[in-house]
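> Compute the structure for the input listed below.
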Amino acid sequence: MTTEKSNYIHMKKAIYLITVLSTLLFSLKAQDNKPLYFEKAPNDMMRFYFDQNYYLVDKNCEFKYIERVSSFDIKTNKFEGLVRDFDPNGRVILSGQYQNGKKQGDFKAYHPNGALKWESTFVDDVATGSWKYYYPDGKPMLFITLGPSDFHINQYWDRKGQQQIKDGEGTYDIDLPIVGFTEHGYTRFNRRGKVKNGLPEGLWYVSFVEEGKRRIQTHLLTEQYENGQLNGQRFEEGFNHLLIAKEDFVFTPNDYFPRAEHLLSKKCSFDEFTGFNIFIANKFVQYLEQFSFQSNQDIETALSYHVKVSKKGIPSSATLLDTENILSKEEKNIFERMINQIGYYLPSYSEGEPIADTLIITFTLQTKGEKTHIAPVQIQRQKGI
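Numbers count the residues shown, from 1 in each chain. Have a look, this model is predicted:
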């Protein structure tokens, strides 16, 4: 994929979210300095506030999507008893039971229209037996059986209601979402291949999907399976320069509700909601690994740089700040090349319109032996949001 194509896709997504960003501006002004991630609810219950991916967010954050009502053991920091999650319209989207902090018994999720989305059973926090998925119209989509270390695809119906896999035999052909910011800009992918005895067999194909006036599939990855085991994979040419997380290309519809148990939080910013700050950190680590960066000693140091970003997200003049007595001349050259390899930033917005802005990016570099770690970066926008 060309850089121009990737930037075009990103701009389409950013423009689509202009209204969200405009509302967020007022939301941010109204918030107190200290975020409110949870509070007491009636009947000795607690109410937790999550975004769509089950990260805790402030009660007044524009990206708040889920409210969880349940009992909570403050001594163990674990959910307890009946748990129900509600969408912004007050509809139940998940229900289940915790015992001693572990998922136990039947869990059910629901589509926004109230139809059953999936159902599964947990024993001591582990999903066991059958996991069944359904379409929003109530028709069956996918039935799988979970084992200790794998799963079997038993039945699968496409969106037209045609059964493509019966009793573990047939062809799997499904579109699934890609969550979070990506360098390629696509938000959906297709996974297709043969299933034998409930397991992937032979060649499988992963493609990016773009829906518009016509459907466009861009082939990305070919995989080779034998008895459900991955024996090899090959990326198509043209994607080598992109940061592509292989874990994005799952087999079944993903659900992030277990993340709620870790009580991970995010700031109420578009950069954190989209995962753009995580993407930059991962891109930096990829760069340093490609060039086998190693420090003479284990270090943990905070670095910052500023970069000018056009209203189309195109960066220029990325410059490290205050590196004297922190980096050697050679290290400084490496990190300057590292920050200048980022070819696109989410543009800033003001009053619902993209604007040119200067961003200050701060990150912490940790090295220990041959391992390098960079936590999600912090992004400060001087003019917009």
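> which residues of the stretch 201-350 of the chain fall in helices?
Under the criterion DSSP state H, counting those that start in this stretch, helices of the stretch 201-350 of the chain are mapped to 270-274, 276-290, 329-340.
> Can you give me the neighbour number for the closest residue to Asn113 other than its chain neighbours?
The shortest distance from Asn113 to any non-neighbouring residue, by CB to CB, 6 or more residues apart in numbering, is to Pro136 (5.7 Å). Every residue, glycine included, has its C-beta placed from N, CA and C. As a burial measure, Pro136 scores 14 neighbours (other CB atoms under 10 Å).
> Repeat that for Gly90.
Per other CB under 10 Å, the neighbour tally for Gly90 reads 7.
> Is it in a helix, a strand, or coil?
Of the three states, Gly90 takes coil according to DSSP: H, G, I helix; E, B strand; the rest coil.
> about what we covered before: dump the helices of the stretch 201-350 of the chain into a markdown table; add distance to Phe48 and mean neighbour count as well.
Below are these laid out as a markdown table (distance: least, CB to CB, whole Å; neighbours: other CB atoms under 10 Å):
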| stretch | distance to Phe48 | mean neighbour count |
| --- | --- | --- |
| helix 270-274 | 17 | 22 |
| helix 276-290 | 22 | 18 |
| helix 329-340 | 37 | 15 |
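> Out of those helices, the one nearest Gln382 is which?
Taking CB to CB, helix 270-274 is the member of the helices of the stretch 201-350 of the chain nearest to Gln382, at 13.8 Å.
> I'd guessed Pro354 sits against Ser348; true?
Yes. Using CB atoms under 8 Å, Pro354 is in contact with Ser348, at 7.1 Å.
> Overlap in contacts, the two.
Common contacts of Pro354 and Ser348 (CB atoms under 8 Å, 6 or more residues apart in numbering): Lys311.
> Any idea which helix or strand in this structure has the lowest mean pLDDT?
Across the helices and strands of the chain, mean confidence by mean pLDDT, DSSP states H and E is lowest for helix 18-30: a mean of 44.
> Which of the helices of the stretch 201-350 of the chain sits closest to Val307?
With CB to CB as the criterion, Val307 lies closest to helix 329-340 of the helices of the stretch 201-350 of the chain, at 7.2 Å.
> which strands and helices sit next to that closest one?
helix 276-290, strand 299-309, strand 315-321 (3 or more CB pairs under 8 Å, 6 or more residues apart in numbering; DSSP states H and E).
> could I get these as CSV with mean pLDDT and distance to Lys213?
Listed next are the helices and strands packed on helix 329-340 as CSV, based on pLDDT from 0 to 100; distance: least, CB to CB, whole Å:
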stretch, mean pLDDT, distance to Lys213
helix 276-290, 92, 28
strand 299-309, 92, 31
strand 315-321, 94, 31
